[in-house]
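Asker: sequence plus predicted model, see below.
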Amino acid sequence: MRQFIDKEDARELVWQRLKSVAKPDSRFHFDFNEFIPDFHRSDDAKNNLIELEVYRSSDLIFATPDNCLEEFREQIIVDGKTLIMPTYGIRRGFVL
């Protein structure tokens, strides 16, 4: 991996690689400045999260509204935990 000159170089490299696994959003397509996309095998990421001891022992979970966490947020509710989530850009506060 090449050396990065600054954060923008790093971000551009990540976004280019993300395009190969990201699922486009109908609102933003592949504009990763606007959203964090869902990605191939995000369900595996969800399963890894719910297996963590910190998840199992928590009653209150904070999760962002990112597309890739949709199934995780659903699982939080199914498991009877309390979900707190910011609205996009925290423009309208949080949802409990």
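Answerer: Thanks, I have it.

Asker: so how far is the longest helix belonging to the chain off the chain centroid?
Answerer: Criterion DSSP state H: the longest helix present in the chain is helix 7-18. On the basis of CA atoms, centre = their mean, to the nearest Å, helix 7-18 sits 17 Å off its chain's mean C-alpha point.

Asker: what about the helices in the protein?
Answerer: Under DSSP H, the chain gives helices at 7-18, 42-50, 53-56, 70-78.

Asker: helices or strands up against the first one?
Answerer: If you count contacts as 3 or more CB pairs under 8 Å, 6 or more residues apart in numbering; DSSP states H and E, helix 7-18 packs onto no helix or strand. Quick note: C-beta positions are derived from backbone N, CA and C, even for glycine.

Asker: pLDDT averaged over that helix - what is it?
Answerer: Here helix 7-18 scores 78 as its mean pLDDT.

Asker: one more: the shortest one?
Answerer: Helix 53-56 shows a mean pLDDT of 96 in the predicted model.

Asker: highest mean neighbour count out of the helices of the chain?
Answerer: helix 70-78 (a mean of 16; mean count of other CB atoms under 10 Å).

Asker: could you check the angle the top strand by length along the chain makes with helix 70-78?
Answerer: Secondary structure of the chain read by DSSP state E shows that its longest strand is strand 82-86. Here strand 82-86 points in a direction 140 degrees away from that of helix 70-78 (axes from the mean of the first three to the mean of the last three CA atoms, to 10 degrees).
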